[in-house]
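Q: here is my input, please return the structure:
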Amino acid sequence: MNNPYVFAIALSLNSALAVAENAMPGEDIVIVVHQDNPTQQMTRSEVIDLFMGKYVAFPDGNKAIAVDLTSEQQTKKIFYQKLVGRSLASINAYWSRIRFTGRAKPPIEKLSSEGMVSYIAATKNAIGYIPKSMLTDNLKIVYILNE
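A: As a prediction, this is how the structure comes out:
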């Protein structure tokens, strides 16, 4: 893009779309899995263990693929603040230390909540978080993240 005006408009549009896909203030964030996943419910502690790399399996022992959003999206900020009471900067620093030691791998990342919904709907052992308003018939809630 050689034209700076076109670049500025594209950047503004991209930012507006990113804001539109995020959780609205006060909206519940739900932890979801594929509808055919045998996991029916999880505890807060189990969700923390999966997303912070302590465990890589669901409570029944089946492998779990934790799915995270990329960058500084509002839904991601709300998720980690409500789940573990930490900022994204703190979460990123945590994963930098863990990766360096080789003890665990961070969750895989998706660019958008829509991408996360599509991935989980197509992957039986995936688990992720979305605004409750984005719930589809292909997903089921295993935990509701409340303050």
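Q: which secondary element of the protein has the worst mean pLDDT?
A: When each helix and strand of the chain is scored by mean pLDDT, DSSP states H and E, helix 4-20 comes last, with a mean of 41.
Q: which strands and helices lie in contact with the following helix or strand past that one?
A: Per DSSP states H and E, the first helix or strand lying C-terminal to helix 4-20 is strand 29-34. The elements that strand 29-34 packs onto, with contact taken as 3 or more CB pairs under 8 Å, 6 or more residues apart in numbering; DSSP states H and E, are helix 74-84, helix 113-122, strand 126-131, strand 139-145. C-beta: built from backbone N, CA, C; applies to glycine.
Q: strand 29-34 - what's its average pLDDT?
A: The average pLDDT within strand 29-34 is 97.
Q: who touches it?
A: Residues outside strand 29-34 that contact it (CB atoms under 8 Å, 6 or more residues apart in numbering): 23, 39, 42, 47, 75, 78-79, 82, 120-132, 135, 138-145.
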